[in-house]
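Participant: would you be able to build a 3D model of this:
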Amino acid sequence: AKPNRNGLALAAALGVALTFVWVIGDHYTPHFAFLGNRVGYNPFEEIANPAARWTFIAVRFFGLVVIVPIVEEVFYRGFLLRFVTDIDDFRRVPTGRFTLAAFLFNVVFMASSHPEWLVAAIFSAAMCSLIARTRNLFACIVAHGVTNLLLGIYVMQFHQWQYW
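Facilitator: Residues are numbered from 1 along each chain as shown. So this is what the prediction gives:
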């Protein structure tokens, strides 16, 4: 179910705020080799053909704004929170309800899957808080999509290809 207008406004506002957290916070986050690193890919240098370049950019934005938010939110907030809360049958756990242990596991697991571990942890905590408040996974997908859209625009505008 889609959240009400207030839920969507909250999700969009959180997505904007988390964009700033990601960009600013990453500059202060120590990066650890075992978490990997992001290699910048500049399509303007790597793809000579303009049609191919803009096709790449369009597909990249689609993945960034639509596919990644759906996949990550369904996994992290739709499944993992509930699974850690009730390992015997996660389906018994209503969306947006979870234990402190599930919250902490979710934050640590998401942080450990990103080189920008500190901002990923903050992002995960914010998404957990959003789903707890709205009880709606779609709100998290919207917030994540807004964050990724703005990060994509940031990448293009300021040539910060490491986020690509």
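
Participant: what about the closest residue to Trp164 other than its chain neighbours, distance to Trp117?
Facilitator: Spatial nearest neighbour of Trp164, excluding adjacent residues (Cβ to Cβ, 6 or more residues apart in numbering): Tyr41 at 5.0 Å. (Glycine included, C-beta is placed from N, CA and C.) According to Cβ to Cβ, to the nearest Å, Tyr41 stands 21 Å off from Trp117.

Participant: might one say that Gly145 is in contact with Gly15?
Facilitator: Yes - applying Cβ atoms under 8 Å, one finds Gly145 in contact with Gly15, separated by 7.0 Å.

Participant: which of those two has more neighbours?
Facilitator: Ranked by neighbour count (other Cβ atoms under 10 Å), Gly145 and Gly15 place Gly15 first, with 24 against 21.

Participant: residue contacts, the more buried one?
Facilitator: By Cβ atoms under 8 Å, 6 or more residues apart in numbering, the contact set of Gly15 is Val142, Ala143, His144, Gly145, Val146, Thr147, Leu149, Leu150.

Participant: from those residues, pick the one nearest Ala33.
Facilitator: Thr147 (25.8 Å; Cβ to Cβ).

Participant: got phi/psi on that closest one?
Facilitator: phi -60, psi -50 (degrees, to the nearest 10).

Participant: okay but it is in contact with Phe20, surely?
Facilitator: No - using Cβ under 8 Å, Thr147 is not in contact with Phe20, being 9.6 Å away.

Participant: higher neighbour count, those two?
Facilitator: Using other Cβ under 10 Å, the more surrounded residue of Thr147 and Phe20 is Thr147, with 26 against 12.

Participant: do you know the pLDDT at that one?
Facilitator: The model reports Thr147 with a pLDDT of 98.

Participant: for this structure, give me the ranges with low pLDDT.
Facilitator: 1-3 (pLDDT under 70).

Participant: which helix of it spans the most residues?
Facilitator: helix 5-28 (DSSP state H).

Participant: how far away from the center of its chain is it?
Facilitator: 10 Å (Cα atoms, centre = their mean, to the nearest Å).

Participant: grab the nearest non-local neighbour of the spatially most central residue of the chain.
Facilitator: With distances taken as Cα atoms, centre = their mean, His144 lies nearest the centre of the chain, 4.7 Å away. Counting by Cβ to Cβ, 6+ apart, His144 lies nearest to Pro69, which is 3.6 Å off, once chain neighbours are set aside.
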